[in-house]
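Student: sequence? don't have it. structure:
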DNA sequence: AAATAAATTATAAGAATTATAATGTAAGAA
DNA sequence: TTCTTACATTATAATTCTTATAATTTATTT
C-alpha cells in the first residue's frame, strides 16, 4: 500500500517538469516507507550509506519540490527542524510535549471551520492544519515513578 | 480591556518567582496593547527607543518565561521567525499564503477532537492548535489584475 | 548521440535562537 | 531603610536549521 502511494507520487511528478533521479526517488521512497514524520536531516542520514556523496541541500531541494507539487506537507516547530509528512488521507497529529513523539489520528476534515473562517474574515480558504498536544503513554508512565 | 488582561498577566506572574522588571513589563504591555502576533524581533525593535540597551536575548528569555507561565503561545513557521500570541479566549488563526497576514477568528474549542485523540492514541491531551490557510482579500484583489 | 535544461554537490552564507559569563537589579530579611 | 541574594539583563559568541551560489553531472529531448 505504501508502494501504491509511492507510485502515485512518482506519476504525479512525471506530469510536471520534475525529473526522476535516484536521489529523488530514494527520498520519496523513504518518506512513504517510513510512514513517520522525518526531519530533513533524518532523511539525509538514512540515505547516507546508499548515497555517500549526497548533499543535505539535495534533501531540502527535493522536499521543497515535493511540497510544491503537493505530495508532502511541512510541519514546523519553531527553531527545531521541520518534519515532513506525506499527504494521504485526512488526519491530524498528536504531539507529546515531553518527548516530541508524533502520532497520527484520523478525523473527518473540519470543513465547517474553514467555511466559518471564510465568512468571518473574507479569506479564500483552502486548507487547515491542527495539532493536539499532550503526554504520550510512555511519558505518563515515567512520571508516575 | 487590554489593560485588564495585562494586569491579570502581571498578577499571574507575581504568584510565581518571576520578578517584574521594566523590560519585562514593557514586553508584556506591547503584547497586550498591539493585539497582533509580533515576532521577537518586532518586539525588540518596538522597544528600542524606550530601552536602548535592551538585548534581544532579553526578549527571547521573557517570551520563554511567559510561555512557561502560560500567558503567551508561540506560533511557529518553519525557519522564519516565531510569532507570539497572548492567550485569551478560544480562537484560531487564518493565515494568508501569499503575504503571511494573520487574522484571528473565534470558534468554540474543538473538545471532541481532543477526546477522540485521547481515546485513539492513549495520550493525555491538554490543548490543541489549528491554523487555516488561504488568500486574504487584499491578495485576492491583486491577483485579479 | 548531441544538445539543453534541470539536478546534484560542496561550500559558504544567512537568519533565528540559545548559551555563557559578567554585571546589574528586584524583593524579601535584618 | 539598607543588605543580601537570587534572579534578570546585557553583550557576545556559538549553534542550528535552511538557503544561495557556482561548478559539475545527469536526465530528457531532438
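Tutor: That came in fine, so what should we check first? Since we're looking at a predicted model, the values are computed, not measured. Numbering: from 1, shown residues only, chains lettered A, B, ... in the order given.
Student: who's residue A:93 bridged to?
Tutor: Per DSSP bridges, the residues bridged to residue A:93 are residue A:104, residue A:131.
Student: pretty sure it contacts residue A:104?
Tutor: Yes. Here residue A:93 lies in contact with residue A:104, judged by C-beta atoms under 8 Å, at a distance of 6.2 Å. For glycine as for every other residue, the C-beta is placed from the backbone atoms N, C-alpha and C.
Student: looking at the two, which is more packed in?
Tutor: residue A:93 (20 against 17; other C-beta atoms under 10 Å in any protein chain shown).
Student: and the more buried one, what pLDDT?
Tutor: Turning to residue A:93, the model gives it a pLDDT of 93.
Student: can you pull the contacts of it?
Tutor: Residues near residue A:93 by C-beta atoms under 8 Å, 6 or more residues apart in numbering or on different chains: A:37, A:75, A:85, A:102, A:103, A:104, A:105, A:130, A:131, A:132.
Student: what is the burial count for the fifth one?
Tutor: Neighbourhood size, residue A:103 [other C-beta under 10 Å]: 19.
Student: touching, it and residue A:138? I think so.
Tutor: No. Assessed by C-beta under 8 Å, residue A:103 is found out of contact with residue A:138, at 11.1 Å.
Student: how about the most centrally placed residue in chain A: which residues does it bridge to?
Tutor: Centroid-nearest residue in chain A, with C-alpha atoms, centre = their mean: residue A:85, separated by 1.1 Å. Per DSSP bridges, the residues bridged to residue A:85 are residue A:73.
Student: in chain A, where is pLDDT below threshold?
Tutor: By pLDDT under 70, the low-scoring segments of chain A are A:1-2, A:79, A:143-145.
Student: closest to DNA strand D out of the contacts of residue A:93?
Tutor: DNA strand D lies nearest to residue A:75 out of the contacts of residue A:93, by C-beta to the nearest atom of the strand, at 9.7 Å.
Student: can you give me the neighbour number for the residue lying closest to the closest one once chain neighbours are set aside?
Tutor: Distance criterion C-beta to C-beta, 6 or more residues apart in numbering or on different chains; nearest residue to residue A:75, sequence neighbours excluded, is residue A:83 at 4.5 Å. The local packing of residue A:83 (other C-beta under 10 Å) involves 20 other residues.
Student: wait, what's in contact with residue A:83?
Tutor: Applying C-beta under 8 Å, 6+ apart, the residues contacting residue A:83 are A:37, A:38, A:39, A:74, A:75, A:77, A:102.
Student: so the last one makes contact with residue A:91?
Tutor: No. In terms of C-beta under 8 Å, residue A:102 does not count as a neighbour of residue A:91; the distance is 11.1 Å.
Student: how does chain A divide up, domain by domain?
Tutor: A:2-86, A:91-144 (automatic domain parsing).
Student: list the buried residues in the host helix or strand of residue A:119.
Tutor: For residue A:119, the element it lies in under DSSP states H and E is helix A:111-121. Across helix A:111-121, burial judged by 16 or more other C-beta atoms under 10 Å in any protein chain shown covers A:113, A:114, A:116, A:117, A:118, A:121.
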